[in-house]
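[1] got a structure for you, letters missing:
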Ligand code: ADP
């Protein structure tokens, strides 16, 4: 019962092998610099020694072949042959309105993913390359696609539509899709388990804050609203992305700075957020360090970041007419004591009572960081998107 999970980017391919009998990882790894010189394959068998191979890997097809070689290698391998693999599950960023759940790969499904290239030009084409590469190298193994957008397809029209001409939605499907769905899905379920309450009775805000960041209002186990939109640019302030701004800033800046549309696009995606305000880094660790060393711009970046996060939590509490729990996950959410503290301490009016000591504890397990009697509980739940992909894949092939 082994499942191979793949996450293909434009120049990278990450993988994990799961034994679904006990949901353990047998090996994980990644191929980086695909299509460039000196591509690197890093392979980590669980409990074994890490393997690093540098070679020429010109495309995803070759990358998949290298992964197969290392997985079945007599020394570093973890399976005798690829026959041990029941199915391959792929992460696909955009499923548009077509995919409301994970699905087996068919000709029809591939056609639809290609049709959605427009909506995620940087993300969906590499995922498709991963699917094709597996098809070529492992023609008899079923494949499953798991979409970042699927979990959020439960949003009602009042939260997913933008107040712009309806014709744009009808013609081009311009609407809020939201991303990190697999993570919001996983951590909301884990949080309900930790709370010991049925997910269907809870009002939760899940905060997935890593390099990219999004919040979701989870009402009775389903997304009611989420902060990312048509693309992953909307919503929270991020490492290098602006998040919400007045859309009129785009034409205004183009005019004043004589910039092209693609230059402004790149400014908002790659040269904004923490990086732009601090002038130091997009990495929250470095921001906090500089702030503690007295850097004023770093403090401003931190204050803006945490203010915007608080604003979303408050807005979603209002949107759901209540709040039972807040969940922090991903790189910043799981690790930044300072961010969680700045957010929670300023939300005491909502009934959040932070426990300063619990907030300091590091663990791989879901945990509370509020006091026992806190009306709204706050949890840190390490995300595991790969496990959810493996589970969906396993369920679909078993059926
Ligand atoms: P991605 O969004 O690329 O999946 P992650 O969820 O792994 O990324 O988040 C990466 C980010 O997490 C880093 O850029 C860094 O800002 C942040 N991070 C990791 N560890 C810490 C820490 N100890 N304190 C603050 N931020 C951290």
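    Alright, I've got the coordinates. On a predicted model such as this, the values are computed, not experimentally measured, just so you know. Numbers count the residues shown, from 1 in each chain.
[2] for this structure, longest helix please?
    Longest helix of the chain, by residue count under DSSP state H: helix 296-320.
[3] and residue 250, backbone torsions?
    Backbone torsions for residue 250, taken as degrees, to the nearest 10, come to phi -60, psi -60.
[4] burial measure for the closest residue to residue 300 other than its chain neighbours, as a count.
    Excluding the flanking residues, the one nearest residue 300 by Cβ to Cβ, 6 or more residues apart in numbering is residue 277, at 5.8 Å. The C-beta positions use only the backbone N, C-alpha and C, and glycine is treated the same way. By other Cβ atoms under 10 Å, the residues close to residue 277 number 20.
[5] Which other helices and strands does the helix or strand containing residue 277 contact?
    Using DSSP states H and E, the element containing residue 277 is helix 273-278. For helix 273-278, the packing partners by 3 or more Cβ pairs under 8 Å, 6 or more residues apart in numbering; DSSP states H and E come out as helix 284-292, helix 296-320.
[6] The ligand contacts on the stretch 251-399 of the chain?
    Applying Cβ under 6 Å from any ligand atom, we find that the stretch 251-399 of the chain lies next to the ligand at 283-285, 330-332, 335-336.
[7] hmm, back to that, give me the residues contacting the helix holding residue 277.
    Defining contact as Cβ atoms under 8 Å, 6 or more residues apart in numbering, one finds that helix 273-278 is touched by 237-243, 281-284, 287, 290, 295, 297-298, 300-301, 304-305.
[8] Show me what whatever helix or strand residue 68 lives in packs onto, helices and strands only.
    Residue 68 is part of helix 60-71, with elements assigned from DSSP H and E. Judged by 3+ Cβ pairs under 8 Å, 6+ apart, helix 60-71 is in contact with strand 13-19, strand 24-32, strand 39-45, strand 51-55, helix 124-137.
[9] can you pull the buried residues of it?
    Using 16 or more other Cβ atoms under 10 Å as the test for burial, helix 60-71 gives 60-64, 66-68, 70-71.
[10] re the thing from before, got the helices and strands packed on helix 273-278 as JSON lines, with mean pLDDT and mean neighbour count columns?
    As requested, those are exported to JSON lines (pLDDT from 0 to 100; neighbours: other Cβ atoms under 10 Å):
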{"stretch": "helix 284-292", "mean pLDDT": "98", "mean neighbour count": "19"}
{"stretch": "helix 296-320", "mean pLDDT": "98", "mean neighbour count": "19"}
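[11] now these in CSV, with distance to residue 159?
    Compiled in CSV, the helices and strands packed on helix 273-278 are given as follows (distance: least, Cβ to Cβ, whole Å):
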stretch, distance to residue 159
helix 284-292, 28
helix 296-320, 8
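[12] Those: which one's closest to residue 187?
    helix 296-320 (14.7 Å; Cβ to Cβ).
[13] Kind regards, and thank you for your time.
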